[in-house]
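**Q** Model the structure of this input:
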Amino acid sequence: MDRRVRILIAKPGLDGHDRGAKFIARVLKDEGFEIVYTGLHQTAEQIVMSALQEDVDVIGLSILSGGQIPLMTQIVQMMREKNLDDRLLIVGGIVPKNDRKVLEGLGVSGVFGPGSNSKEIVQFIKRALGERQNFGI
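**A** Below is the predicted model of the structure:
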């Protein structure tokens, strides 16, 4: 691959707390990934269209509002409609254990809660992308 892996970091819904999203964006950038940060209060459509326009390899969403199931259902459906369902999809934030299984069933590859180790997140992404194809990371 001739370009760095591109990761979209987005904050869907009404949640106004983006400290964790900005932190992980910085960690990933320091690891050599190219980061596209969309900011707060993104709709499902805005996130999917940004992913499409920016041709990202990974979509990382930070959700602290408790609306992860309806938000992710909408985002995954739109990703399928735009042929983006081959992209790695990860979620960070406050996600109850019962919701994790639902999210995985929707197609979320990884769920990272409070206190997740940033190095583990980086390794998870590298491992998951390496299994999909030979990315230049």
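
**Q** and residue 119, how many residues sit next to it?
**A** Residue 119: 10 surrounding residues under other Cβ atoms under 10 Å. C-beta: built from backbone N, CA, C; applies to glycine.

**Q** Identify each buried residue in the lowest-mean-pLDDT helix or strand in the chain, please.
**A** Sorted by mean pLDDT, DSSP states H and E, the helices and strands of the chain end with helix 118-132, the least confident at a mean of 91. Across helix 118-132, burial judged by 16 or more other Cβ atoms under 10 Å covers 121-122, 124-126, 128-129.

**Q** Check the protein and tell me which residue is nearest its centre.
**A** residue 60 (1.2 Å; Cα atoms, centre = their mean).

**Q** quick one: it is in a strand?
**A** Yes - checked against DSSP: H, G, I helix; E, B strand; the rest coil, residue 60 lies within a strand.

**Q** Contacts only, for it.
**A** 7-10, 21, 24, 28, 90-92 (Cβ atoms under 8 Å, 6 or more residues apart in numbering).

**Q** Distance-wise, check it relative to residue 69.
**A** 18 Å (Cβ to Cβ, to the nearest Å).

**Q** Residue 30 now?
**A** As judged by Cβ to Cβ, residue 30 and residue 69 stand 32 Å apart.

**Q** Which one's more surrounded, the two?
**A** Ranked by neighbour count (other Cβ under 10 Å), residue 30 and residue 69 place residue 69 first, with 16 against 11.

**Q** show me what contacts the more buried one?
**A** Listed by Cβ under 8 Å, 6+ apart, the contact set of residue 69 reads 99, 102-103.

**Q** Same list (those residues) but as JSON lines, adding neighbour count, distance to residue 80 and pLDDT.
**A** Below are the contacts of residue 69 laid out as JSON lines (neighbours: other Cβ atoms under 10 Å; distance: Cβ to Cβ, whole Å; pLDDT from 0 to 100):
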{"residue": "99", "neighbour count": "18", "distance to residue 80": "20", "pLDDT": "93"}
{"residue": "102", "neighbour count": "15", "distance to residue 80": "17", "pLDDT": "95"}
{"residue": "103", "neighbour count": "22", "distance to residue 80": "15", "pLDDT": "96"}
